[in-house]
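Novice: Got a sequence here, can you build the structure:
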Amino acid sequence: MKIFEQLNVPKQCKRYGLSLWQCPSFLFLLMGIIICLVSIVSYLIGTRYIAEPRIVALIVLIISMILLALATIITNSFERLAEANRMKSEFISIVSHQLRAPLSNLTWVIELLMSGRVGKIEEEQVEYLKILKENSDRMKDLVKDLLIVSRIESARLSLRKEEFSLEELTKEIIKEFEHFAKASNCQIEFSAEKNLPKIFGDRYQIRQVIENLLDNAIRYTKGRGKVKIRIKKEKKFIHFEIEDNGIGIPKEDQKFIFQKFFRASNVLKYKTQGTGLGLYIAKAIVERSGGKIGFKSQEGAGSTFWFKLPIK
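Specialist: Sure, this is the predicted structure:
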């Protein structure tokens, strides 16, 4: 029964949350086909140059056994890695779910104390409570990102696609970020082509992408900053672009920028807050929506991140 389960490639791939070409079961079947082809070719070559059929058969058998042993070792290694990755994703998902309730309760209690409804709070105490609330909010954001990452890795990130205006969604988000931008001494400029068609995607997930990009653009702009957002039509896509004049990304770090938990070296120098998950999540959402994402950057001169999504 276990052998038949191993041969059930779609089931195994779904279990590990991997694509077909990364699934250990599929790789084992692929290696089996290659071994069969190598054995046939070895036999044909052997019969051409060796007169004794038994020697040819022995050579083919030895080659096949060696290749089969190597295929088994490699597949088992991939399977152990896939299982470890699956267990890690499940652990992150379980822990994140368990943390959500106590963090929500903590935030509710802090807000209740700050309101003064349960007794008078001194001004100095309010400041301490504000620090607690800020840190609990950061924890909630981290938990939310970890839950999204676990869904991405286990192929459980569902997209509820609908038709909506990317321009209107962007305007909503800019309005929500006005206070943050003002506090960071940053100016946001927005421009969009006229009569832009609507896109087809998950409005909530695309909102997260834009929020992540705008948050990064403001957060990593030091001094008097400017963030420019542009939306235009490109063939069958809507192109979104966000440009800042911030700290930029060092050239040696750029190839890692969409990896989980990665933060550029100059970001760490400025002690800017962040989890290193935002761009990983953004890339996963955009690609699962049928779009593309990319960037160009120069250290000390700023960055321009872009993504494009298909028109319905």
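Novice: okay, now residue 196: neighbour count?
Specialist: 16 (other Cβ atoms under 10 Å). C-beta coordinates here come from the backbone N, C-alpha and C atoms, glycine included.
Novice: And the helix or strand harbouring residue 168, what's buried?
Specialist: Per DSSP states H and E, residue 168 falls inside helix 166-176. Applying a neighbour-count criterion of 16 or more other Cβ atoms under 10 Å, one finds 166, 167, 169, 170, 173, 174 buried in helix 166-176.
Novice: So the first one is in contact with residue 238, correct?
Specialist: It refers to residue 166. Yes - the criterion here is Cβ atoms under 8 Å, and residue 166 meets it with residue 238 at 5.4 Å.
Novice: Tell me the residues that contact both of these two, please.
Specialist: 196, 199, 231, 309 (Cβ atoms under 8 Å, 6 or more residues apart in numbering).
Novice: can you tell me which of the residues you listed are in strands?
Specialist: 199, 231, 309 (DSSP state E).
Novice: What is the nearest of those to residue 148?
Specialist: Ranked by distance to residue 148 (Cβ to Cβ), those are led by residue 309 at 18.3 Å.
Novice: Now do the helices in the chain.
Specialist: 2-7, 9-16, 24-49, 53-115, 123-153, 166-176, 178-183, 203-219, 265-269, 278-288 (DSSP state H).
Novice: got the contact list for stretch 103-114?
Specialist: By Cβ under 8 Å, 6+ apart, stretch 103-114 touches 118, 121, 126, 129, 130, 132, 133, 136, 137, 139, 140, 143.
Novice: Which one of those is nearest to residue 24?
Specialist: When the contacts of stretch 103-114 are compared against residue 24 (criterion: Cβ to Cβ), the nearest one is residue 143, at 30.9 Å.
Novice: I'd say the closest one and residue 98 touch.
Specialist: No - counting by Cβ under 8 Å, residue 143 does not reach residue 98; the two are 9.4 Å apart.
Novice: Look at those two and report which has more neighbours.
Specialist: residue 143 (19 against 11).
Novice: thinking again about what came up before, switch the ones in strands among the shared contacts of residue 166 and residue 238 over to a markdown table; also include neighbour count and pLDDT.
Specialist: Below are those laid out as a markdown table (neighbours: other Cβ atoms under 10 Å; pLDDT from 0 to 100):
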| residue | neighbour count | pLDDT |
| --- | --- | --- |
| 199 | 26 | 89 |
| 231 | 19 | 95 |
| 309 | 21 | 92 |
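Novice: okay, those residues in a markdown table with distance to residue 40 next?
Specialist: Below are these laid out as a markdown table (distance: Cβ to Cβ, whole Å):
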| residue | distance to residue 40 |
| --- | --- |
| 199 | 51 |
| 231 | 57 |
| 309 | 48 |
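Novice: Residue 38: which of the residues you listed is nearest?
Specialist: Nearest member of these to residue 38, counting by Cβ to Cβ, is residue 309, at 44.8 Å.
Novice: Please verify my assumption that that closest one contacts residue 290.
Specialist: Yes - here residue 309 reaches residue 290: they are 7.1 Å apart, a contact under Cβ under 8 Å.
Novice: hey, what's in contact with both of these two?
Specialist: residue 201.
Novice: residues in contact with residue 240?
Specialist: Per Cβ under 8 Å, 6+ apart, neighbours of residue 240: 166, 170, 210, 229, 230, 231, 306, 307, 308, 309.
Novice: And those, which is closest to residue 76?
Specialist: Nearest to residue 76 among the contacts of residue 240, with distances taken as Cβ to Cβ, is residue 307, at 38.7 Å.
Novice: Could I get the contacting residues of the closest one?
Specialist: Applying Cβ under 8 Å, 6+ apart, the residues near residue 307 are 209, 239, 240, 282, 286, 291, 292, 293, 294.
Novice: just checking, the first one touches residue 284?
Specialist: This points to residue 209. No - with contact defined as Cβ under 8 Å, residue 209 does not reach residue 284; the gap is 9.5 Å.
Novice: And the ones in strands among the shared contacts of residue 166 and residue 238, which is closest to residue 45?
Specialist: Nearest to residue 45 among those, with distances taken as Cβ to Cβ, is residue 309, at 52.8 Å.
Novice: nearest spatial neighbour of the closest one, skipping sequence neighbours?
Specialist: residue 291 (4.1 Å; Cβ to Cβ, 6 or more residues apart in numbering).
Novice: in terms of contact, does residue 302 touch residue 242 like I think?
Specialist: No - taking Cβ under 8 Å as the definition, residue 302 is not a contact partner of residue 242, at 10.6 Å.
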